[in-house]
Structure formats: structure tokens, C-alpha cells
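Asker: Kindly generate the corresponding structure for this input.
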Amino acid sequence: MKRLVLLLPLAIFLGVALFLYRGLFLDPSELPSALIGKPFPAFSLPAVQGDATLTREDLKGKPALVNVWATWCVACRAEHPVLNKLAELGVTIHGVNYKDDNADALKWLKEFHDPYQLNINDARGSLGLDLGVYGAPETFLIDKQGIIRHKFVGVIDERVWREQLAPLYQQLVDEVSP
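Answerer: So this is what the prediction gives:
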């Protein structure tokens, strides 16, 4: 009995250590999303620019990236030039300005350029909550019906676009083309 009492803490320690060791090799950008294969959440929020109210219906029509961003997000600043380049190449990108001041967002877009065809002002974070957003930047790939097909957490750089997102985006574009 004494031996079992002595071995129990060791067994617990080894189990926890094995669990933590496995975590070292997981990709943090591969956070699972229960929304894959489901419609983009319903919302009715103001646009960052102008007086329009945007809804889920506004996102439908063609495949798009939906990029969650904020002016307070340092990683978003690193990602923004790549998004501008993608927009210039014809990639459809919609923005969700997450938990941010709209005046700051307008200043940011004027200073760093605006890659977004639509830009949703999610000042309270309600849409972000419905999307399961952990923080910015996060990007969702939606098809022409507004169904979420992929979620990427982190900065989209040229390598991420080329190796991970571009093939998925192109596949959705090809499905639309006759």
C-alpha cells in the first residue's frame, strides 16, 4: 500500500508531463472551429465607413476571406500589407473591425489603405463572440453561400497565403466558375 502511495504522484506527474510535451508540437493556427461547414453567423452591424448596416446577406455572392482585425492589434499591422496585395490581385476580403474605436479604424484605413470590400464595425465584439474569436487577427474563408469553409488564426503572410489559403480560396472560386 505504501508503495502505491509513493508511485501515484509519480504516475500523475508523468501523465501531465506527457500531455504538456504533446502540446509543444501542436500548431496554434489550427484551432478547431465548430463553425466549419455552417453559415456565417447572423448579424446586423454598422459598416466602418458610411451609414450602411451590414448583415450576413451582404457577405454572400462570391468566395471571400473574412478578416478579423483591430487597430490595437500589433500582428494586424504586420498582416495588413499582405491583405492589401491580395486585394490588388482580386481576392475578395471583408473585414470585421473587432472591439475597436471606429475613429481609430477610419484613421488606420486611411493611413495603411483599405483592402476590404465590406468592413463591419463590431465595437462590442458580439460578432466576434459568435465566431468564436480568440483575438485578432483571425481569418475565415467563406464560400459564395456564406458557409464557413476554413478558419486561420494568426498573421497571413505570403507563405501562409501561398501554402495554405490560396489553394482553398482558388478551389472555392473554381466551384463558382462554369
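Asker: quick one: average confidence on the strand or helix carrying residue 152?
Answerer: Assessed by DSSP states H and E, residue 152 sits inside strand 148-153. For strand 148-153, mean pLDDT is 96.
Asker: Does anything pack onto that strand? Which helices or strands?
Answerer: Strand 148-153 sits against strand 138-142, helix 166-176, with contacts defined as 3 or more CB pairs under 8 Å, 6 or more residues apart in numbering; DSSP states H and E. (Glycine included, C-beta is placed from N, CA and C.)
Asker: ranking those by mean pLDDT, which is last?
Answerer: Of all the helices and strands packed on strand 148-153, helix 166-176 carries the lowest average pLDDT, namely a mean of 94.
Asker: buried set for that one?
Answerer: Within helix 166-176, the residues that count as buried by 16 or more other CB atoms under 10 Å are 169, 172, 173.
Asker: Please apply the same query to stretch 35-49.
Answerer: Quick answer for stretch 35-49 (16+ other CB under 10 Å): 35, 40, 41, 43, 45, 46, 47, 48, 49.
Asker: For the chain, just list every one of the helices.
Answerer: Here the chain has its helices, by DSSP state H, at 2-23, 74-88, 102-112, 126-131, 158-160, 166-176.
Asker: need the least confident one among the ones you listed, by mean pLDDT.
Answerer: Mean pLDDT is lowest for helix 2-23 among the helices of the chain, at a mean of 61.
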